[in-house]
Structures are given as structure tokens and as C-alpha cells.
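[1] Let's see this in three dimensions:
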Amino acid sequence: CMKKTPAPKKARKPGNSTGLVVGGVFVVVVAACVALFMRWGAMEFLQAGQKLIEENQFEAGIQKFQEGIARDPSFAPLHMSLALAYERWVGSGQRPPHDLVDERIGEYKIALELPPPRGYAAGSPNDYRAMAFTNLGILQQAMKGDLHAALQSFLSAVKVNSPGFWSPHGGAGRIYERFGNVDAAVSHYKASIRMSANDGYKLHIATILPLVYSSVQEFGERREAYLRNVKALLNTRLSLPDPLGQLVTVPNFYLSFFGENDVETYKNLASIIIAAGPGGNGPDSITYTAPHVATAMASPFHGGKIRVGIVSMFLKEHASGKATQFLSMLSSDFYVVIFDIIDNMGALAQDEVALRFRGRADKHVPIYKSHGLAAMRSTIANEALDILLYTEIGMDPGSYLLAFARLAPHQVVTHGHASTTGIPTLDYFVSYRPFERKEAQQFYSERLVTFSDFSYYFKPTVPERLLSREELWHDLKISHEIVPGSVVLVCQQTLFKLTPEFDDVFRAILERLPMAKLVLKTYASKELNDRLFERLRRTMPGVVDRVLMLPDMSNVQWFSLLKHGDIILDSYPFGGYTTTLETWAVAGTPIVTLPHKMLAGRCTRAFYKIMGIKDLIAKDKDHYVDLTVRLANEPTWRSEITSRIEEHSHKLWERRATLGEWERFLKQLAHREPVSSLHAK
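    Model (predicted):
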């Protein structure tokens, strides 16, 4: 809260030494009195507005701040309080008319540009500048995507040197991670630990992995260090009294891209979090159990509709939401509750996928991270569910931490993120036999359930008008690179899937195809692009000049690229899923794929099998190179493959077989019957 400014003191009567001095002093005193009177009035608006905000009367409180600003626009605490009021309103669940991002940014900037009044100066308990810079940085990063501006805001907050205020170090560390500068990130995280004893940063430092590796050697060394650190943490007592506020990210997300069986490490991480989180049996406990669960598990099925909750932060136009939106199609035998996790900087999505989820559900319940983990759990627990279904776990700390609680008698996760969780309160992982090998159970901490076919997948919506090949190259500013006779190879995967162990494959392809260009998606920052090319100059000498990094693309440009690329190269060991399906929704562009042993690297192979096409499923890296070279050098064969894909791609959309299998599985759980679709061990 802002301190109340003291009432102005009475001015001394001026002396009578000279008229000039008397007059001058009189003018100054009058001006000072007017200024203090105005400030006193502004302070009253400030206090009235703060009281209303504390009572969750956001519109009335905001109006008070705005009235105060109209009276005294130079009083910085009013601008700061207005920005904070906007923040509280957005995070309250009361749904302001829009996200108020520009308003929040604008008020923070004004508060920082104005001189702080008496009582708010540097070093005082009311010095708001560190908080203003930090909140500004968060908005610039999360809502505007301006990482460089955000970093400068966080570093400005650090310079304020507000005692015990560690948040800007965390913000700076996260951006340095996005830039690939792990050492700078760790330095800021350690500063946060010194100021706050935040063990969330200790966990993050132990499990931090770069987005771009400099070499195969570093790739291996980082993984070994990660595994060592997790084992060491098992014998270290961490404290996470506020796990949602302290966990920087899901600690095992990037580990999944190594393509190794790390199920024991996932379990160890879960054990570390359970030991570090709040204990006991109350709603704050990391292993909280909802009140209805014990009774439900000890009783026969209640006989009504089966109550199924579906929870994620990605029930929207996101790869995970696209892959799992069919779950909203459960029959009238089920009462479906959609739980939308809303991030601190987020708002309820209104896109096609989000509306499909919500439109088919019996009930829609937003759950806000800003309300805290206990409140999120209570909201779910209040629905007295029979089954709670996570469409993904691993990409969002919110759903990851929710899963440690027992909020329903049966808890299930599926493939919105293609990795196990290690969390003991998750009972089943649902996948599909076309994606899994016979020995796949060993890759999961949950019991693996596999249905006979690929899931029901809505055909991706393709823009009505796509760019021509020439228009696309012009728009992407690579026309000068794509000369007549060029073969355009596209690797459309997120670039942290491009591990250094596959650089030799790309090099071999480009060496054998002198007219080929390899086109990659851009990273979120120039710094990461530079780090990737620094590696490629070492691993792909002589051909790296034919690797092109594209700018950020619009939806039209994206689908046009999938259509006009000559050959698409699937990544390894973590391959394509959504991108593969989007490619074949727009065209029959051939994709060369090398299947991996685990789910994340077997999806494109499965889609080919469904279409009855096996020509481009490579046996090993050399075969992958040979297939790509043949496609490039034999246009007739490439055209024939394209035609076959276009002829059979309809088989990928809206396959209904697994809808019945999903319903049978959920009914078996609810009725305490044996699960018939367990994957053979």
C-alpha cells in the first residue's frame, strides 16, 4: 500500500527585507501550497481506489484512480496503482472487456517516467520502481513477445536494488535462457536464491538444459549432468511451500527431447517435489486428496452419468488442443466438465478449438493460476468427478502440479505431450497401437492403455487462398536463394527438436544435392538463431550457406510453405505430429521420417501406415539420406508419392473407431471393471 502523504505544514510569513525577495518568496510559497493541496487530494483518490480494489470492486476502484490522475497527472503512485488494479482485474476471473495489456504497459511507463514523490523515493519501503519495471518486463515478454525490451526492464529493476525483491532476477534469467545464455541465466537464478532462499530456483538450476547445444559432446554432457543432479537432489531437502509460485517450469520438459528412456528420472523428480511440497492432508498439501474420493473408491458406482473432467491450459488452438479436442465428443452417458487453466498473463481463448471444447461440454469452469494451487484444486474437487483426464502433462507447471493431488478416483493422462509423467497419482496413459512398440510399457510410469487405431482428428482448417510459390519466396525474402532448379527441403519442426546428432544427416543430404536448400523455422530470438548457426558452421562446413532461416510466418505463409516445399524432413528423435497432419491437410508433400523407439518419434510413421504408404519410412540415418536424395533426383517418383498421399490422406481425418474405445475404457474405470485395452507388458 502507498503511504499517506502528511498534511502540508503552514508556511512562515516572509520577511520584509526587500520587496523583490518578499514577492519572490510569496510566489514560491503560494505555488507550493497549491501543489501540496492538489497532491493531498490525489492521495485521497489513491486511498479510496485502493480500498475498492481490495474489495474486488475493480471498475469503481479504477475510476477513482483515473479521477485522481485527472486532478494530479504527475502523481506517480496513482499511475502505479492503476496499473496494479488492471493486473488484479485481469487475474480475478471477472473478465474485463479485454486483456488491458496496453493500458497496463502505459501506466507502468508513466509511473516510471515521473519523479517519485516524497515518501516514495529510492530506498524507502514504498519505492515502487522495482515492481513497476518487473511487471512491465513480464508484460513485454508474455504479451508482446519483445524479449529485448523485457530484459532491459528486468535489468532496470535489478539496478533499483530493492531489498529482498528477487523477481526481476528470475525474469532476467528466463530471458537469458531463451537467448541460449545458460550461464547468465544461472547467475540471476543464484542471485534470486541469495535474496529469497527460493528452492524452486535450486531445482531449476539442477535441471536446466539449453535450447541449442553446441555439439554432440555437450548434448551428452548436459544430459549426464542433469541425471547426476536429480540423483543428488533426492538426498537434498528442498522446500517448496508454494510450488506453483516457485516452480520455474516443468523440470522434465526438455529431457523428453533426448529420446531416452528416462522414466526413473521422471519418478525421481516427482519424489523430489512431493518431499519438498507442503505436507499434511489439507487443501495446501502437495498430495491433497479430494473429500469425495475415499467414499467413491470404497463404494459401487453411483449409477448416474459418469462425471468426467478434462483439464489443461491448452484446450485451444495449440498442438495439444488440436490433438485432443475429440474428447469433447463423449456421448450423453457422460457429464463432461471442461477445466480451462488460465495463466497469470492469459485470458480465455476464443478460437475454433476452444469453442469446440466448451460448446460440447456440459459445464465449463475456468481455473486461474492467480488464485493459487489450493483454489485450483478445490474448484476441480467441488465437481465430485469420477474420472479426471489431463490432455497433456509436461508443458505447464499448473497441470503438472495439479496431477500430484488425487482429485478423482481415476486419473488419466493422454498424448497432448508425448511423454510419461513419473507422477504416482496418475493411473493410466492413453496412447494408440499404431504409435507404440510392443515393449512400450517400459517407457511409462502409468499403466499404458493403447487403443486399436489413431484417434479422431478434425481436419486442419486451411486458409482459403494460399500464396503461389513465387509469392511465398518473395514474402519470406528468400527469392534470391531459390533459383531455377533448386530443391527446397523443409524441416518445419520447432528448432529445439533439432539435436546435434542429426546434423550429419542434413550435411550428407546437402553434400549429395548441390542444388538443395534446407529451410528451417526461426527461433524466438536472434541470439538462438546465431547459436544454432555457430554450431552448424562447425558440423556442416561447406554446405551451411545453403541453410536458410525463415522469419516468423503468418498462417497463410505457413500452409503455403507446407504446400510448396519439395520435400519435408522429419526431425529425430522427437518427430512431427501436428505439423505432419497440417502438411497433408494442404498438400501431398512427401515427408521423410526415421521412426524412433518411443511415441514422440513414431507418429509420422503411424500416419503413413494408416494411408498404406511405406516408401519414405527410413530404416536408419543412411537410408534417410538415400530416400531424400532419391526424391530430389527423381521428380517422377516424387510426384507419384505426392499423388498417393493426396489420394489417401482423407483416411487420417475423423476416424471414429477409437471414440467407442475411449468410452468403453472410461466406463470400465467408473464401474470398477477390468480395463480391456491395457498394453501388453
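
[2] the strands in the stretch 151-300 of the chain, which residues?
    Using DSSP state E, counting those that start in this stretch, the stretch 151-300 of the chain contains no strands.

[3] Asn181 against Glu527, yeah?
    Yes: under the criterion of C-beta atoms under 8 Å, Asn181 makes contact with Glu527 at 7.2 Å. C-beta: built from backbone N, CA, C; applies to glycine.

[4] Validate this expectation: Tyr335 resides in a strand.
    Yes: counting by DSSP: H, G, I helix; E, B strand; the rest coil, Tyr335 is part of a strand.

[5] Quickly list what it is bridged to.
    Arg307 (DSSP bridges).

[6] which residues sit in contact with it?
    304-308, 362-363 (C-beta atoms under 8 Å, 6 or more residues apart in numbering).

[7] will you turn the residues you listed into JSON lines that also has pLDDT?
    Shown next, in JSON lines, are those (pLDDT from 0 to 100):
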{"residue": "Gly304", "pLDDT": "92"}
{"residue": "Lys305", "pLDDT": "96"}
{"residue": "Ile306", "pLDDT": "97"}
{"residue": "Arg307", "pLDDT": "98"}
{"residue": "Val308", "pLDDT": "98"}
{"residue": "Asp362", "pLDDT": "96"}
{"residue": "Lys363", "pLDDT": "97"}
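
[8] So how do I select the buried members of the residues you listed in PyMOL?
    Those of those that count as buried under 16 or more other C-beta atoms under 10 Å are selected in PyMOL with:
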select buried, resi 306+307+308
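
[9] Let me know the closest of the contacts of Tyr335 to Ala185.
    For the contacts of Tyr335, the closest approach to Ala185 (C-beta to C-beta) belongs to Val308, at 40.1 Å.

[10] That closest one: what's it in contact with?
    Val308 neighbours (C-beta under 8 Å, 6+ apart): 330, 334-337, 385-389, 666.

[11] ok, and the most crowded of these?
    Leu388 (30 neighbours; other C-beta atoms under 10 Å).

[12] Let's verify it: helix, strand, or coil?
    Secondary structure for Leu388, judged by three-state DSSP, is strand.

[13] Let me see the contact set for it.
    308-309, 311, 380, 407-408, 410-412.

[14] Keep only those of these that are in helices.
    Among these, the ones falling in helices (DSSP state H) are Ile380.

[15] which one of the contacts of Leu388 sits closest to Cys603?
    Val412 (20.0 Å).

[16] Please report how far that closest one lies from Gly309.
    10 Å (C-beta to C-beta, to the nearest Å).

[17] joint contacts of those two?
    Shared contacts of Val412 and Gly309, counting by C-beta under 8 Å, 6+ apart, come down to 387-389.

[18] Next, format those as TSV and append pLDDT and distance to Met515.
    Output for the shared contacts of Val412 and Gly309, formatted as TSV (pLDDT from 0 to 100; distance: C-beta to C-beta, whole Å):
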residue	pLDDT	distance to Met515
Ile387	98	55
Leu388	98	54
Leu389	98	49
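
[19] quick one: which of the residues you listed is nearest to Ala375?
    Using C-beta to C-beta, the shared contacts of Val412 and Gly309 come closest to Ala375 at Leu388, 16.6 Å.

[20] Specify the beta-bridge partners of the closest one.
    Gly309, Gln411.

[21] residue ranges with poor pLDDT in the stretch 1-150 of the chain?
    Residues of the stretch 1-150 of the chain that meet the criterion pLDDT under 70 lie in 1-40, 93.

[22] can you do 50?
    Within the stretch 1-150 of the chain, the ranges that satisfy pLDDT under 50 run 1-37.

[23] about what we covered before: could you dump the contacts of Val308 to JSON lines with distance to Gly416?
    Compiled in JSON lines, the contacts of Val308 are given as follows (distance: C-beta to C-beta, whole Å):
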{"residue": "Leu330", "distance to Gly416": "17"}
{"residue": "Phe334", "distance to Gly416": "19"}
{"residue": "Tyr335", "distance to Gly416": "22"}
{"residue": "Val336", "distance to Gly416": "17"}
{"residue": "Val337", "distance to Gly416": "18"}
{"residue": "Leu385", "distance to Gly416": "19"}
{"residue": "Asp386", "distance to Gly416": "21"}
{"residue": "Ile387", "distance to Gly416": "16"}
{"residue": "Leu388", "distance to Gly416": "14"}
{"residue": "Leu389", "distance to Gly416": "10"}
{"residue": "Leu666", "distance to Gly416": "17"}
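
[24] what's the closest of these to Tyr624?
    Using C-beta to C-beta, the contacts of Val308 come closest to Tyr624 at Leu389, 36.1 Å.

[25] For Gln441, see how far away that closest one is.
    The value you get for Leu389 to Gln441, if C-beta to C-beta is used, is 20 Å.

[26] Then Glu464?
    If you go by C-beta to C-beta, the gap between Glu464 and Gln441 works out to 45 Å.

[27] if you count what's nearby, which of the two comes out ahead?
    For Glu464 versus Gln441, neighbours defined as other C-beta under 10 Å are more numerous around Gln441 (18 against 6).

[28] Kindly confirm my reading that that one forms part of a helix.
    Yes: counting by three-state DSSP, Gln441 falls inside a helix.

[29] So for the host helix or strand of Ala130, what gets flagged as buried?
    Element membership for Ala130, per DSSP states H and E: helix 129-142. Buried residues in helix 129-142, defined by neighbour count with 16+ other C-beta under 10 Å: 129-141.

[30] name the element Thr628 belongs to?
    helix 621-633.

[31] What ranges does the stretch 151-300 of the chain have for its helices?
    167-178, 182-196, 199-207, 216-233, 243-246, 263-276, 291-298 (DSSP state H, counting those that start in this stretch).

[32] what's the distance between the longest one and the middle of its chain?
    Its chain's C-alpha centre lies 24 Å from the corresponding centre of helix 216-233 when counted by C-alpha atoms, centre = their mean, to the nearest Å.

[33] and the angle for that helix with helix 263-276?
    Between helix 216-233 and helix 263-276, the angle comes out at 40 degrees (axes from the mean of the first three to the mean of the last three C-alpha atoms, to 10 degrees).

[34] Just the buried positions in helix 216-233, please.
    216, 219, 222-223, 226-227, 229-230, 233.

[35] that older thread, could the buried residues of helix 129-142 go into a markdown table alongside distance to Pro595?
    Listed next are these as a markdown table, based on distance: C-beta to C-beta, whole Å:
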| residue | distance to Pro595 |
| --- | --- |
| Arg129 | 55 |
| Ala130 | 51 |
| Met131 | 51 |
| Ala132 | 52 |
| Phe133 | 49 |
| Thr134 | 46 |
| Asn135 | 46 |
| Leu136 | 47 |
| Gly137 | 42 |
| Ile138 | 41 |
| Leu139 | 43 |
| Gln140 | 41 |
| Gln141 | 37 |
